[in-house]
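S.K.: Here is my input, please return the structure:
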Amino acid sequence: MGNSSTGRVALVTGAAHRIGAAIARELHRAGCRVLIHYRSSAAGAQQLVRELNAVRPDSCAAVQADLCRANDVRELAAQAAALAPGLDLLVNNASAFYATPLGNVSDAQWNELFDANLKGAFFLSQALAPALARRQGAIVNIVDIHADIPLPQHTVYAMAKAGLAMMTRALAVELGPSVRVNGIAPGAILWPEQPNAVLGAAHADALLAQTALKRMGTPEDIATAARFLGLEAPYVTGQILAVDGGRNLY
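M.R.: Have a look, this model is predicted:
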């Protein structure tokens, strides 16, 4: 991705597939140059780079980093901060999600879920805060409705996302007035890619029955919210927008 002196620049973590890719596409449509982060999905990331650069040449690039590793976070932050004219938006979307039934939770599972959902986002935000401040930029964190509504057998994941929700509010205070910090709490958007004994068809039906709109949302619903909070809401900070079809009403 070239160092053009015009336009806004966004970094989206975990952007090779699913919600992250939808956010990258939406920000690109809004005129941003997009840096796509991935951990292991190199093929998906490069495919998305080709897709977006075909629309607008030299407007997208991919970078690999394991956000659970401090050195990788520092290197990713350095690459993003070096882009001209400067970084305008960080979207902390990267996540890990799987069941951890109580009684069988390991130290490795605890560390992975907290690192992927909270620690990486915090240290990347900390490292990029000066660059974002110079551009009066913004951070958008992808939280989860289960930061507030416990999900059976996913206690560690829910705890990590609850930490991300508090981080959103705390950083809005710490980084204001130079940087706005907001979050999005998706509801029923995408079912897990891997088979999950907990989140089967019965759970999906029950969840949708407790949703005012009685249907699943789409990754594009999250992407448009990320564009709004990241680029179009200059007097909004410290908020977590539920994009959940009204699940929080039940």
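
S.K.: make it CA atoms for all contacts and neighbour counts henceforth
M.R.: Fine.

S.K.: For the residue nearest the centre of the chain, give me phi and psi.
M.R.: The C-alpha lying nearest the average C-alpha coordinate of the chain belongs to residue 93 (CA atoms, centre = their mean; 1.5 Å). Geometry field for residue 93 lists phi and psi as phi -110, psi -30, criterion degrees, to the nearest 10.

S.K.: Same check on residue 241?
M.R.: Dihedral angles (degrees, to the nearest 10) for residue 241: phi -90, psi 120.

S.K.: ok, now how distant is the residue nearest to it when sequence neighbours are not counted from residue 45?
M.R.: Spatial nearest neighbour of residue 241, excluding adjacent residues (CA to CA, 6 or more residues apart in numbering): residue 184 at 4.7 Å. With distances taken as CA to CA, to the nearest Å, residue 184 is found 23 Å from residue 45.

S.K.: can you give me the strands in this structure?
M.R.: Shown for the chain, the strands assigned by DSSP state E span residues 9-12, 33-38, 60-64, 89-92, 138-142, 180-186, 240-243.

S.K.: Kindly reformat these as TSV containing mean neighbour count and mean pLDDT.
M.R.: Formatted as TSV, the strands of the chain follow (neighbours: other CA atoms under 10 Å; pLDDT from 0 to 100):
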stretch	mean neighbour count	mean pLDDT
strand 9-12	27	98
strand 33-38	27	98
strand 60-64	21	97
strand 89-92	27	98
strand 138-142	28	98
strand 180-186	26	98
strand 240-243	20	97
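
S.K.: possible to save those strands as CSV with distance to residue 120?
M.R.: Below are these laid out as CSV (distance: least, CA to CA, whole Å):
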stretch, distance to residue 120
strand 9-12, 13
strand 33-38, 12
strand 60-64, 14
strand 89-92, 9
strand 138-142, 12
strand 180-186, 16
strand 240-243, 19
